[in-house]
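Peer 1: structure of the sequence below:
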Amino acid sequence: MNTEQTETQREQETPTGIFQAVGVITGDVTFIFEEQRNKYIANITIGQYQYNLFPNGSSWSKSASFNGLRKQIESTGISRQKLIVYPKITHYPGKEQQHNIAFQLVAFEKENVENSISKQLNNLEFKLSGLWQFIPVCRTPCITVMKNFSNERLEYIKQAELANKVNFMKASHIPLIWTDAPVNPFRFNPKISKEEQGKAKFVSIKARFIPGRDVFGFDSLLALPQDEPPKYLKAGKKDKAQVLKSKLASRRQKSGNEPIKVTIKPKVVEKNNNQIGISSATGIEKPKLKNKN
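Peer 2: Alright, predicted model coming up:
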């Protein structure tokens, strides 16, 4: 094999792209100040359907975009706004309860620049890149958006408290209707061995949000499906279980029962070329981690 063929093969085997879920929505935005909680809450109405609107990555008081949007609406009296957002999906135990969709504000039209995502997408269009698969709590297959890997994020995670670390690496599962997909969504089968399972493909698509149905519909491919995803960060099952245990202990404490004491120090373990798994060991607690995208 000559050098040119070798380089071509390497390019084909090297994962490209990033995990992402970002899009554009337009609707009537309302802000309400809750005195008891001393904070603003926001909603956006798209057609006849209303969705919660959250600041991205920080509290409302520290979010420039969130407060900038509120002030613009107050000063202009124009509630209809074009927003760049991340979808915020909440799934519930069991497939019977419908998932909930809200949006995290990234920017609004006044803040847009020439290379903004809003110049690339029409209203209700989203770029979705992630693992194409079924998850246990959703009847509709999803694109699972993991936390992209970077050395800076890895350093944050090494110092994070367990609960913050797990929350930081939490995946987002975007329900997607894609009837003629070139690859089938991965579905875990407990009756077969790990070697026979196969794995989810990494896909990059453009999709359209469907208000009322609260799912996304496939529009077009942005790239061919990949066997290997880009590097990403993922919390281990033991860490997730430990965080849940701590939450239950906290609830018992509030109800008057004896709390369970848990002290955790995160430890990094590289699982494969693309997935960085995070396990834990007994140790000291370190500074809290800020939620970053």
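Peer 1: ranges for the helices of the chain?
Peer 2: Along the chain, the stretches classed as helices by DSSP state H are 3-13, 64-76, 151-159, 162-168, 194-197, 237-254.
Peer 1: now the ones you listed in JSON lines, with mean pLDDT, mean neighbour count and distance to residue 52?
Peer 2: Bear in mind the C-beta positions are built from the backbone N, C-alpha and C, glycine included. Compiled in JSON lines, the helices of the chain are given as follows (pLDDT from 0 to 100; neighbours: other CB atoms under 10 Å; distance: least, CB to CB, whole Å):
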{"stretch": "helix 3-13", "mean pLDDT": "38", "mean neighbour count": "9", "distance to residue 52": "42"}
{"stretch": "helix 64-76", "mean pLDDT": "93", "mean neighbour count": "15", "distance to residue 52": "12"}
{"stretch": "helix 151-159", "mean pLDDT": "91", "mean neighbour count": "14", "distance to residue 52": "27"}
{"stretch": "helix 162-168", "mean pLDDT": "88", "mean neighbour count": "20", "distance to residue 52": "18"}
{"stretch": "helix 194-197", "mean pLDDT": "86", "mean neighbour count": "8", "distance to residue 52": "36"}
{"stretch": "helix 237-254", "mean pLDDT": "80", "mean neighbour count": "14", "distance to residue 52": "22"}
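Peer 1: who wins for proximity to residue 30 among these?
Peer 2: Within the helices of the chain, the stretch nearest residue 30 is helix 64-76; the backing value is 8.3 Å (CB to CB).
Peer 1: burial check on the residue nearest to residue 44 when sequence neighbours are not counted, number of neighbours?
Peer 2: What sits nearest to residue 44 in space, not counting adjacent residues and going by CB to CB, 6 or more residues apart in numbering, is residue 27, at 4.3 Å. Burial of residue 27 is recorded as 23 neighbouring residues (other CB atoms under 10 Å).
Peer 1: who's in contact with residue 27?
Peer 2: Contact partners of residue 27, counting by CB atoms under 8 Å, 6 or more residues apart in numbering, are 44-47, 80-81, 83.
Peer 1: and it, bridged to which residues?
Peer 2: residue 81 (DSSP bridges).
Peer 1: nearest spatial neighbour of the residue most central in space within the chain, skipping sequence neighbours?
Peer 2: Central residue of the chain (CA atoms, centre = their mean): residue 172, 3.4 Å from the mean position. Taking CB to CB, 6+ apart as the measure, residue 172 lies nearest to residue 145, with 4.4 Å between them; neighbours along the chain are not counted.
Peer 1: could you turn the buried ones of the contacts of residue 27 into a PyMOL selection?
Peer 2: With 16 or more other CB atoms under 10 Å as the burial test, the buried ones among the contacts of residue 27 are selected in PyMOL as follows:
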select buried, resi 44+46+81+83
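Peer 1: in strands, which of the contacts of residue 27 appear?
Peer 2: Among the contacts of residue 27, the members falling in strands (DSSP state E) are 44-46, 80-81, 83.
Peer 1: of those, closest to residue 73?
Peer 2: Residue 73 lies nearest to residue 81 out of the ones in strands among the contacts of residue 27, by CB to CB, at 7.1 Å.
Peer 1: circling back to that earlier point, of the helices of the chain, which is nearest residue 184?
Peer 2: Within the helices of the chain, the stretch nearest residue 184 is helix 194-197; the backing value is 13.0 Å (CB to CB).
Peer 1: the residue nearest to the centre of the chain touches residue 90, doesn't it?
Peer 2: No: under the criterion of CB atoms under 8 Å, residue 172 makes no contact with residue 90, lying 9.7 Å away.
Peer 1: okay, now the unreliable bits of this protein?
Peer 2: Counting by pLDDT under 70, the chain shows low-confidence ranges at 1-15, 58, 111-115, 255-293.
Peer 1: nearest spatial neighbour of residue 72, chain-adjacent residues omitted?
Peer 2: Nearest in space to residue 72, with sequence neighbours left out and distances taken as CB to CB, 6+ apart, is residue 110 at 6.1 Å.
Peer 1: and if you look at residue 196?
Peer 2: Taking CB to CB, 6+ apart, and ignoring the residues beside it in sequence, residue 196 has residue 189 as its nearest neighbour in space, at 8.0 Å.
Peer 1: which residues in the stretch 101-250 of the chain form strands?
Peer 2: Using DSSP state E, counting those that start in this stretch, the strands found in the stretch 101-250 of the chain span residues 125-133, 142-145, 147-148, 172-177, 201-210, 215-226, 232-235.
Peer 1: out of the ones you listed, which is the most enclosed?
Peer 2: Scoring the strands of the stretch 101-250 of the chain by mean neighbour count under mean count of other CB atoms under 10 Å gives strand 142-145 as the most buried, with a mean of 26.
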